[in-house]
Each structure stands twice: as structure tokens, then as C-alpha cells.
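# next come a sequence and a model predicted from it.
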Amino acid sequence: METYAIRLNPGDDLKTKLIEYTQEYDVKAGCVLTCVGSLDDVTIRVADGKTIKKYKGQYEIVSLVGTLGLDDVHIHMSFSDINGNVYGGHLKEGCKIHTTAEIVIGKLEHLVFTREYDEQTGYNELKISSNYSGNSGNY
């Protein structure tokens, strides 16, 4: 695994920048190893899979985890408010960096992550393939 570190700046959109980074650095399969930072605005999808919630104000990023691929990222985030209350969900566009986001990404050279529609779940789900010639399929 190769590792990369990036820093996002005030006003950057967290999800948009992660997608841009995976495309620019040809991350066919990756994962978020760690992230610290703060947000002004937060937009997430919650556990019912349908409801989008938006939060205004200053928040600390408590955790950021997920998979990165060239065609999409699948990221979950936890964040806390000024009282220490923690919220979380599926990262959507609209999470604006307040001061910084310091992110470490792992690039998995031997894998390729793509997304395919899954009739059972109704979502585009992860398909894992080998990056080695002659070897493909799910793991």
C-alpha cells in the first residue's frame, strides 16, 4: 500500500476534493486511513438511506472512513458540535471545510474498486477486482 497525505483548505468541499484527488492520482482502490479537521457546513444521508440532513455551524471531524475508487467514493463521517454532541452518516456534497482537513489515504495497488447496481440493495455497491492481469473477480 502506498500512502498519501493531503490538506484541504477553508471553503473546500470535502467529498468533491476526495473525488478530484482519486482521479488526479489514479487511485483505482483506496481507503481513508485518518482525518482530522473542521467543517462549517455538513450534509449527510442518514441510516434510512433516503433522508438528507444539513447542519450549519462549526463542527469537528471526529472520524472519516471509507473506500475510494475512480468512479465514486463511499465515505461515512462522524462530527461533533460545540457541545460535544456527535452525529454521523454518509458523506454528501456540501461539507465545507472551516479551517482544515488533514487526510491520509491508502492506495491499494493490487485492487480496483468499481460500483455496480445491486438489485437486492437498490444501490451501486462495491465490486472488488484484482489489478493483476489474468486475475479478476470479487474477493
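Noted; the coordinates are in hand. Residues are numbered from 1 along each chain as shown.

# what packs against the helix or strand of the chain with the lowest mean pLDDT?
The weakest-scoring helix or strand in the chain, judged by mean pLDDT, DSSP states H and E, is strand 123-130 (a mean of 93). Counting contacts by 3 or more C-beta pairs under 8 Å, 6 or more residues apart in numbering; DSSP states H and E, strand 123-130 is packed against strand 111-118. Just so you know, the C-beta spots here come from the backbone N, C-alpha and C atoms, and that holds for glycine as well.

# can you list contacts of the strand it packs on?
28-30, 67-72, 74, 123-131, 139 (C-beta atoms under 8 Å, 6 or more residues apart in numbering).

# direction included, what does it pair against?
In the sheet, strand 111-118 lines up against strand 123-130 (antiparallel) (DSSP bridges).

# where does pLDDT dip in the protein?
Residue ranges of the chain with pLDDT under 70: 132-139.

# can you give me the strands in it?
When secondary structure is read from DSSP state E, the chain shows strands at 2-8, 30-45, 52-68, 73-80, 86-91, 96-107, 111-118, 123-130.

# for the closest residue in space to Ile19 that isn't next to it in sequence, give the beta-bridge partners.
Here the nearest residue to Ile19 in space, its sequence neighbours aside, is Val73; by C-beta to C-beta, 6 or more residues apart in numbering that works out to 5.7 Å. Val73 has these beta-bridge partners by DSSP bridges: Leu68.

# contacting residues for Val73?
Contacts of Val73 by C-beta under 8 Å, 6+ apart are 15, 18-19, 22, 66-67, 91.
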